[in-house]
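>>> okay, predicted coordinates and the sequence, questions at the end:
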Amino acid sequence: MRALLTVPAMRISEIFPFLSLAMAMALSACGKQGDDVPKPEPAGTTMESAQQAQAAALPPGIDWFAGDADAAFAAGKSSGKPIFLYWGAEWCPPCAQIKATIFNRREFQERSRLFVPLYLDGDTPSAQRLGEQFGVIGYPTMILFRPDGTEITRLPGGVDVERYTNILDVALADARPVAEILAQATRGETISANDWRLLAYYSWGTDNGRVLAEDQRVVAFKTLFDACPASLRADCARLYFEYLGAAALASDRTGQSALSTAERTDAQEQLLDLLDEPAVQDANIQNLLYGAEPVVGLLSVEQSAERSELIAAWASALTRLQALDGNDALSSAEQLNLVRARLVLARLQTPDDELPAELLDEARSAIARIDASTTDPYERQTAMNAATNLYWEAGLDAEARAMLQAELARSKSPYYFMLSLAEFAERAGRESEALDWLARAYEDAHGPATRFQWGYSYLMGLLQMAPDDTRTIERVGLEVIGELDDSPDAFYQRTRLRLESLNDKLLEWGQDGEREKVIDALRARAGQICLHLPEADKGRKSCEQFLNPGGTTGRGA
């Protein structure tokens, strides 16, 4: 989950982004900072039992802490052990990737005895409140804390287990907070090789402004890369990709390039050199798989010599990675995302032309191979999501729908893939079918935060595709808001952000007679829920602002 990852402009994708890694990055940028350790709940509460049930569903081999977050931090302090926090969700494909490639490996399981491993599922009671206190939004987020509760680092997804455990070893041994290291490095002070590694492999996409504010990233990442020792060039190339990604995001937001002409020229030359280095490629697999569109778009214009050169260099790097397949260097999902990256490059090269038939055949063949050979449920969740994204990029909608409908019977979280079916139906103009899939996905979803998130998607779909169906919008709106009842921790983090976004959309929609009546009914229902919350609770303020003009408008997730 890096700043490079962006989602193509889609309609339902804007409600619930299709590329889950990108979604996690996008949501993480909306996090609210907070340094307090969460307040405890009594032992034996629903929180504890729910956490135990969720942990039992994870791959065996890790002794996940059985109590709540406060008890885990107390255990770390008394034992002198660091605390490893994993924040995830059952349905989340990137979380499944972590379970299939990190948590099930002996290397990680052995190290888990050195810290207190705490699993926090987004649907456990108090999870969203705790998420706000820890400053986590995107699934998955993995944080290592000192025994005293000081945050050391946020660990990256999308790296192989060897790199992951190496960085974990560094963090466990040195226990230097990345915030402290960054401050030293940006002042021009000397830091160690291990410090540079922690900066390079920090999960900047889940930082949420706790270490580095978004508006400081372009300058900071470039400064760090320039200061990094030559002996660590491959690792520090990750910081250069962060620089390019931050510049691409800044350019998208302002409509003007964040880089000067001279800076773009320098970046083109630097990137061409980096793309040609095997060690850089190996350290930046996820950046190569997801970064082409924003970076090439940042550094070149259509049908230019610069664009052709960048595309050729990027394609060459992908070809080398593809050749490593036989060594199990790439996961199933990465193999599919590599083919998708090749399709993206083809579109960047000739945006008005049809995709080459041989590339489409390669996509079909890769999906069929992964579909037939992937049986592990965690690996399959992320692989089938990658297959869906590949089909989408290839424009092979009918084949995607057939695969997804077959997957519904196999997946432990079929409601996740129902949103993808809605996506394809909406793209084909079958809006009634799209809404049916959104409704079914909401009906099948489980877990308080998940049900609200899926209900939000359905309601936003209705507002967009059936805005005149006031009766259904009112019925679904009341049901979705009702998901927050009897849940004192509901008005925090991911749920709060979606509530703010829903607030904006409903106020924009409800500006005539019949629609105003719907808004009144939804506002009244929310008001009933607010009365159940303690007056001093921060969540009550978020609740009371819902559908009150001027309350949260403009702050949607």
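Alright, I've got the coordinates. In this text the structure is predicted, and so the values were computed from the model without any measurement. Residues are numbered from 1 along each chain as shown.
>>> wait, is residue 87 part of a strand?
Yes: counting by DSSP: H, G, I helix; E, B strand; the rest coil, one finds residue 87 located in a strand.
>>> quick check: the gap between the residue nearest to it when sequence neighbours are not counted and residue 521.
Excluding the flanking residues, the one nearest residue 87 by Cβ to Cβ, 6 or more residues apart in numbering is residue 141, at 4.4 Å. Any C-beta I mention is one placed from the backbone N, CA and C, and that applies to glycine too. To residue 521, residue 141 is 37 Å away according to Cβ to Cβ, to the nearest Å.
>>> looking at the two, which is more packed in?
residue 141 (28 against 15; other Cβ atoms under 10 Å).
>>> residues touching the more buried one, list them.
Counting by Cβ atoms under 8 Å, 6 or more residues apart in numbering, residue 141 touches 28, 85, 86, 87, 88, 154, 203, 206.
>>> got CSV for the residues you listed, with pLDDT too?
Listed next are the contacts of residue 141 as CSV, based on pLDDT from 0 to 100:
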residue, pLDDT
28, 32
85, 96
86, 95
87, 93
88, 93
154, 97
203, 97
206, 94
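>>> out of the residues you listed, who's the most crowded?
Counting by other Cβ under 10 Å, top hit in the contacts of residue 141: residue 206 with 29 neighbours.
>>> give me the neighbour count for the residue nearest to residue 547 when sequence neighbours are not counted.
Closest residue to residue 547 apart from its sequence neighbours, by Cβ to Cβ, 6+ apart: residue 523 at 4.2 Å. For residue 523, the count of nearby residues is 15 (other Cβ under 10 Å).
>>> same deal with residue 201?
25.
>>> can you give me the strands in the stretch 151-300 of the chain?
151-155 (DSSP state E, counting those that start in this stretch).
>>> now do the same for the nearest residue to residue 411 once chain neighbours are set aside: its pLDDT.
Using Cβ to Cβ, 6+ apart and skipping residues adjacent in sequence, the residue nearest residue 411 is residue 417, 6.0 Å away. With respect to pLDDT, residue 417 scores 98.
>>> also residue 535?
On the pLDDT scale, residue 535 gets 87.
>>> A helix includes it, no?
No: using three-state DSSP, the assignment for residue 535 is coil, not a helix.
>>> if we can go back for a sec, just name the closest of the contacts of residue 141 to residue 465, please.
residue 28 (28.2 Å; Cβ to Cβ).
>>> what's the burial count for residue 305?
Using other Cβ under 10 Å: residue 305 sits among 8 other residues.
>>> could you check how far it is from residue 268?
Taking Cβ to Cβ, one finds residue 305 at 11 Å from residue 268.
>>> ditto for residue 360
30 Å.
>>> ok, now residue 541?
For residue 541, the distance to residue 268 - Cβ to Cβ - is 48 Å.
>>> more crowded one of those two?
Ranked by neighbour count (other Cβ under 10 Å), residue 541 and residue 268 place residue 268 first, with 19 against 14.
>>> in contact with the more buried one, which residues?
Going by Cβ under 8 Å, 6+ apart, residue 268 touches 299, 300, 306, 309, 310.
>>> burial of the third one, as a residue count?
Just to be clear, that refers to residue 306. Neighbour number of residue 306 under other Cβ under 10 Å is 15.
>>> okay, the residue nearest to residue 547: pLDDT?
pLDDT, residue 523: 95.
>>> element containing residue 84?
strand 83-88 (DSSP states H and E).
>>> which helices and strands does that strand pack with?
Judged by 3 or more Cβ pairs under 8 Å, 6 or more residues apart in numbering; DSSP states H and E, the packing partners of strand 83-88 are helix 69-79, helix 93-98, strand 116-121, helix 127-134, strand 141-145.
>>> for the last one, what is the average pLDDT?
Over the span of strand 141-145, the pLDDT mean works out to 97.
>>> quick one: distance of that strand to the chain centre.
How far strand 141-145 lies from its chain's middle: 15 Å, per Cα atoms, centre = their mean, to the nearest Å.
>>> tell me the strands beside it, with direction?
Partners of strand 141-145 in the sheet, by DSSP bridges, are strand 83-88 (antiparallel), strand 151-155 (antiparallel).
>>> just the CA atoms of that strand, as CSV, please.
Presented in CSV, the C-alpha positions along strand 141-145 are these (Å, rounded to 0.1, in the frame of the first residue of the first chain):
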residue,chain,number,x,y,z
THR,A,141,-2.0,-2.3,9.0
MET,A,142,0.8,-3.8,11.0
ILE,A,143,2.5,-1.8,13.8
LEU,A,144,5.4,-2.7,16.1
PHE,A,145,5.4,-0.9,19.5
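>>> and the angle for it with helix 69-79?
30 degrees (axes from the mean of the first three to the mean of the last three Cα atoms, to 10 degrees).
>>> run a quick neighbour tally on residue 390.
With other Cβ under 10 Å as criterion, residue 390 counts 27.
>>> same deal with the one 5 residues further on?
Counted with other Cβ under 10 Å, residues neighbouring residue 395 total 15.
>>> could you list every residue that touches it?
Per Cβ under 8 Å, 6+ apart, neighbours of residue 395: residue 355.
>>> distance of it from residue 466?
As judged by Cβ to Cβ, residue 395 and residue 466 stand 26 Å apart.
>>> residue ranges for the helices of the stretch 251-400 of the chain, please.
261-275, 278-283, 285-290, 292-299, 305-323, 332-349, 357-373, 377-394, 397-408 (DSSP state H, counting those that start in this stretch).
>>> isn't residue 177 right next to residue 152, touching?
Yes: using Cβ atoms under 8 Å, residue 177 is in contact with residue 152, at 5.4 Å.
>>> let me see the mean pLDDT of stretch 347-367.
Per-residue scores along stretch 347-367 average to 96.
>>> where does this structure have low pLDDT?
Regions of the chain meeting the criterion pLDDT under 70 cover residues 1-57, 325-328, 550-557.
>>> skipping adjacent residues, who's closest to residue 243 in space?
Spatial nearest neighbour of residue 243, chain neighbours left out: residue 221 (3.6 Å); criterion: Cβ to Cβ, 6+ apart.
>>> ok, the one you found - contacts?
239, 240, 242, 243, 246.
>>> quick check: it vs residue 182, distance?
Taking Cβ to Cβ, one finds residue 221 at 11 Å from residue 182.
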